[in-house]
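# Pasting the sequence and the predicted coordinates here, then a few questions.
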Amino acid sequence: MTTHNEAQACDAIIIGGGPAGSCAGAILAEYGHRTLILEREKFPRFHIGESLIPFTFHPLERIGMIPKMRASAFVKKYSVTFVQPDGRRSQPFYFFTRYDRETVAQTWQVLRSEFDQMLLDNAREKGAEVREETTVKRLLMDGDRVVGVEATDKSGRTYEVRAPITLDCSGKEAFTSNRNGWRMNDPYLNKIAVWTYYKDSKRGVGIDEGDTTVAYVPDKGWFWHIPQHNGMTSVGVVAEGKYLTRGGVKDLKAIFHREVEENLWIKDRLSVGRSTGDYYILSEYSRHSRYGAAPGLVLVGDAFAFLDPVFSSGVMLALKSGHLVGETIHAGLLAGDLSPARFATYCASMRQGVENMRKLVYAFYDPAFSFREVIQRYPDAAGEITDCLSGDVNKDFSQLWRRFREFVPLPDDLPYGEPLDSAVSRGV
Ligand SMILES: Cc1cc2nc3c(=O)[nH]c(=O)nc-3n(C[C@H](O)[C@H](O)[C@H](O)COP(=O)(O)OP(=O)(O)OC[C@H]3O[C@@H](n4cnc5c(N)ncnc54)[C@H](O)[C@@H]3O)c2cc1C
């Protein structure tokens, strides 16, 4: 196969046009930097990850998406609620008890094919060049520095593009951490998800219509229940594979409906309406990249870290990291310095957010833990729990974690995510 070399045509190459790539791309292009987004799929494309949380507001606002979100058909979301297997519901954690109701506290349940298309179009409108159906195959290296990528388009043409910085926004593919041996799994968070879509099943009314419900499966896992527009509801179960396939059951429909019987609230919600008939499965191993940046390279969104989706934090972290990295690269391009050390603040900020969310996730999966008991002992903890559930993850939650530790152990922070240069020079 022939490889063509393109003259250095851009300031930043972005691998992947999901929320992380589109957000970073919009910011860089708006500043006038020549920005190229290479996306493997043809949009609109299916993607899981449909429930937003309040702290998506700031990056969406930064890239001019709020008016488009408000004009969209996406269902408004004000809260998250937890339901026991016997059907008992917690009080909804309404985000407007902590944040402004007109802005941050109202978020959305989206259809990712539509939402991601809107984000990618937005990056285009700001001036980013987007090439769909183009797969990045390889990073181009000059010594230990990434200097661009080799990509193949849908006709099979392979070409090289060069830029002073490449952003890995490849999501689940985790392009660079998989290839460089930087992928670190999170051993207790290895789950699989099985889900389907219902048309016209039961849902709440008024401000509760868009409530995300997390419904427990006894000691084992949980359901998500996410009401969407056009009367559709996304509903899925997450648990360990061994549990979901117990007794040798492999058929996705059979797995799903067996678990529906394990939660009375979910069973009631799905007692009317009908499944679309399509069932999906995904293994979702929480993972972290050993490094967050290296010479000529920075990792963004799921490519940097992926956390169990129980608290719907993924798109927020992807947009937030796209936002931060876009600003950091802009400053670096102006200063003529894109060394890994310039990404130290970005990496530390993302790790702090991931670690706070991760503690909440570990507590959630511990059978000895209950939000109700924590709040009974410390009524004022409800506020901080709502903050973390909202995605306000760069706060100091040390008091909350001390309180949680009276009930269950929580994991220590992982020593991952620093830029390669600074970590190596400190002997980490
Ligand atoms: C079961 C499940 C449920 C979830 N639920 C939620 C939820 O309710 N709310 C939430 O916020 N998050 C949720 N998430 C997480 C969410 O899906 C992700 O965190 C989010 O999509 C990350 O965005 P991203 O831009 O980093 O990656 P992605 O959205 O995955 O985008 C990456 C893009 O890169 C492209 N790409 C990959 N490799 C290449 C390549 N080599 N060349 C070119 N292009 C490439 C892909 O085609 C893709 O379009 C869930 C995840 C799972 C598994």
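Structure's in. What do you need? Residues are numbered from 1 along each chain as shown.
# Ile226 is in contact with Trp195, correct?
No - the criterion here is C-beta atoms under 8 Å, and Trp195 misses it with Ile226 at 9.5 Å. Every residue, glycine included, has its C-beta placed from N, CA and C.
# Now list whatever residues contact both of the two.
234-235 (C-beta atoms under 8 Å, 6 or more residues apart in numbering).
# Quick check: phi and psi on Glu39?
When read as degrees, to the nearest 10, the backbone of Glu39 gives phi -120, psi 130.
# Touching, it and Ile13? I think so.
No - with contacts counted by C-beta under 8 Å, Glu39 stays clear of Ile13, the gap being 11.8 Å.
# Settle it for me: which of those two has more neighbours?
Ile13 (29 against 25; other C-beta atoms under 10 Å).
# what residues are up against whatever residue of the stretch 51-200 of the chain ends up closest to the ligand?
Per C-beta to the nearest ligand atom, Gly171 is where the stretch 51-200 of the chain lies closest to the ligand, at 2.3 Å. Gly171 makes contact with 16, 18, 20, 301-303, according to C-beta under 8 Å, 6+ apart.
# could you pull out the strands for the stretch 51-200 of the chain?
75-77, 79-83, 93-94, 107-109, 129-131, 135-142, 145-152, 158-162, 165-168, 183-199 (DSSP state E, counting those that start in this stretch).
# got the residues of this protein near the ligand?
When proximity is defined by C-beta under 6 Å from any ligand atom, the chain lies next to the ligand at 15-21, 38-41, 47-51, 135-136, 169-173, 175, 193, 282, 284, 301-302, 309, 312, 314-316, 318.
# just checking, which of those residues belong to helices?
19-21, 175, 314-316, 318 (DSSP state H).
# any idea which of these is closest to Thr107?
Met316 (9.1 Å; C-beta to C-beta).
# Wait, that closest one touches Phe55, no?
Yes - using C-beta under 8 Å, Met316 makes contact with Phe55 at a distance of 5.2 Å.
# any shared contact partners between the two?
Gly391.
# Show the contacting residues for the most centrally placed residue in the chain.
Closest residue to the average C-alpha location of the chain: Gly314 at 1.6 Å, with C-alpha atoms, centre = their mean. Counting by C-beta under 8 Å, 6+ apart, Gly314 makes contact with 49, 302, 306-307.
# give me that answer again for 6 Å
Gly49 (C-beta atoms under 6 Å, 6 or more residues apart in numbering).
# Can you check the pLDDT for it?
Looking at Gly314, its pLDDT reads 98.
# what does the one 5 residues further on give?
pLDDT, the model's per-residue confidence, is 98 for Leu319.
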